[in-house]
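Visitor: Model the structure of this input:
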Amino acid sequence: MSIPAIQWYPGHIAKAEKALKEQLNRVDVVLEVRDARIPLATHHPQIDNWVGTKNKVLVINRLDTISPAMQKLWQESFLVQGQFAYFTNAKTGVGVAQVAKAAQKAGVEINQRRSDRGMLPRPVRAVVIGFPNVGKSALINRLLKRRVVESAARPGVTRQLRWIRISDRLELLDAPGVIPSKLDNQENALKLAICDDIGDAAYDNQRVSANFIDLIQELPPIVTESFISDLLESRYKLHPGEMSGEDYLHAVAELGFKGDVERTARQMLTDFRKGVLGAISLEVPPS
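Guide: Model prediction:
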């Protein structure tokens, strides 16, 4: 029996994507926000087509979820590709001021062109684009220095497009998370599920948790400051050894959760998402 693919494309996202495309001609700068744990999987394949020749600011959010060594590797990797990445923790505000400056700087030339045509300057218009639950609303609240958009640690909170004036120099368009209508890359879909960057109706907790254990045990040591097997043993009182992710999930369920595999799976995913297991990247930069 084939395992059903992870797919998620609720109606509000389809509607938001259509509205977003209609608004993009009014935008000067695009802030693309990605999840630091999975910066490749949270890159929308259509975004470069949408942005075209507009200025783009790359924001890698959830800085607190990866190690300093991984941040350095990703920063270098993006520079090799000709992109400068701004690493932020929107919850605490780390790196957000630099993002605001980058957005304003990108818009300076727009007002210079307006001035050359005898027109008055106007605020730079920026849009925040990214997958659901990567921290777009939290970033906007930090840029505004007050809570004006709802922000929560679950996908699908923002459902409407709205313009927000940050200052006399910057306006932001807050857009719902966008996601490809079909997730052809199921490895990426799995990572989205692990990181809670996709609706939980799209996946089975037990399958995703077992795959999560398999995935992190195959990662190189640099993704965290400790061996993954040691982190798992410290948290669940059981060393994974040569066990598959599925076997480990069931063994932990028997040991600490009275055989409740579903509860164990949910707990493992929650532990990762809340950083209880430590700073773990699920991707490494391409060599």
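Visitor: in the stretch 101-250 of the chain, which spans are strands?
Guide: 124-130, 162-167, 170-174 (DSSP state E, counting those that start in this stretch).
Visitor: separation between Pro176 and Leu143?
Guide: 18 Å (Cβ to Cβ, to the nearest Å). Quick note: C-beta positions are derived from backbone N, CA and C, even for glycine.
Visitor: let me fix that: Gly93
Guide: As judged by Cβ to Cβ, Gly93 and Leu143 stand 9 Å apart.
Visitor: Tell me which of those two has more neighbours.
Guide: More crowded of Gly93 and Leu143, by other Cβ atoms under 10 Å: Leu143, with 24 against 15.
Visitor: hang on, that one packs against Gln98?
Guide: No. Using Cβ atoms under 8 Å, Leu143 makes no contact with Gln98, being 11.1 Å away.
Visitor: got the CA positions of stretch 262-275 in CSV?
Guide: The C-alpha trace of stretch 262-275 is given here as CSV (Å, rounded to 0.1, in the frame of the first residue of the first chain):
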residue,chain,number,x,y,z
GLU,A,262,0.4,8.9,19.0
ARG,A,263,1.1,10.8,22.2
THR,A,264,4.8,10.0,21.9
ALA,A,265,4.9,11.2,18.2
ARG,A,266,3.2,14.5,19.1
GLN,A,267,5.6,15.0,22.1
MET,A,268,8.7,14.4,19.9
LEU,A,269,7.5,16.9,17.3
THR,A,270,6.6,19.5,20.0
ASP,A,271,10.0,19.0,21.7
PHE,A,272,11.8,19.7,18.4
ARG,A,273,9.6,22.7,17.5
LYS,A,274,10.1,24.3,21.0
GLY,A,275,13.8,23.7,21.0
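Visitor: in this protein, which spans are helices?
Guide: For the chain, applying DSSP state H gives helices covering 11-23, 47-51, 68-80, 96-116, 136-144, 186-194, 205-217, 228-236, 245-256, 261-273.
Visitor: what about the stretch 101-250 of the chain, any weak spots by pLDDT?
Guide: 147-159, 225 (pLDDT under 70).
Visitor: Please look at Pro285 and Leu73 and confirm they touch.
Guide: Yes. Counting by Cβ under 8 Å, Pro285 does reach Leu73; the two are 5.3 Å apart.
Visitor: which residues sit in contact with Ala19?
Guide: Applying Cβ atoms under 8 Å, 6 or more residues apart in numbering, we find Ala19 in contact with 161, 175.
Visitor: returning to what we had before: nearest to Pro180, out of the strands of the stretch 101-250 of the chain?
Guide: strand 124-130 (12.9 Å; Cβ to Cβ).
Visitor: which other helices and strands contact that closest one?
Guide: helix 11-23, strand 29-35, helix 96-116, helix 136-144, strand 170-174 (3 or more Cβ pairs under 8 Å, 6 or more residues apart in numbering; DSSP states H and E).
Visitor: what angle do the last one and helix 136-144 make?
Guide: Looking back up the chat, that one is strand 170-174. When axes from the mean of the first three to the mean of the last three Cα atoms, to 10 degrees is applied, the directions of strand 170-174 and helix 136-144 differ by 160 degrees.
Visitor: Pull up the pairing partners for strand 170-174, direction included.
Guide: Partner strands for strand 170-174, per DSSP bridges, with pairing direction: strand 124-130 (parallel), strand 162-167 (antiparallel).
Visitor: Just give me the neighbour total for the residue nearest to Ala41 when sequence neighbours are not counted.
Guide: Nearest residue to Ala41 in three dimensions, chain neighbours excluded: Asn188, at 3.9 Å (Cβ to Cβ, 6 or more residues apart in numbering). Counted by other Cβ under 10 Å, the residues lying close to Asn188 total 19.
Visitor: Would you check how far apart Asn188 and Ala106 are?
Guide: For Asn188 relative to Ala106 (Cβ to Cβ), the value is 28 Å.
Visitor: One more: Arg142?
Guide: Distance from Arg142 to Ala106, counting by Cβ to Cβ: 18 Å.
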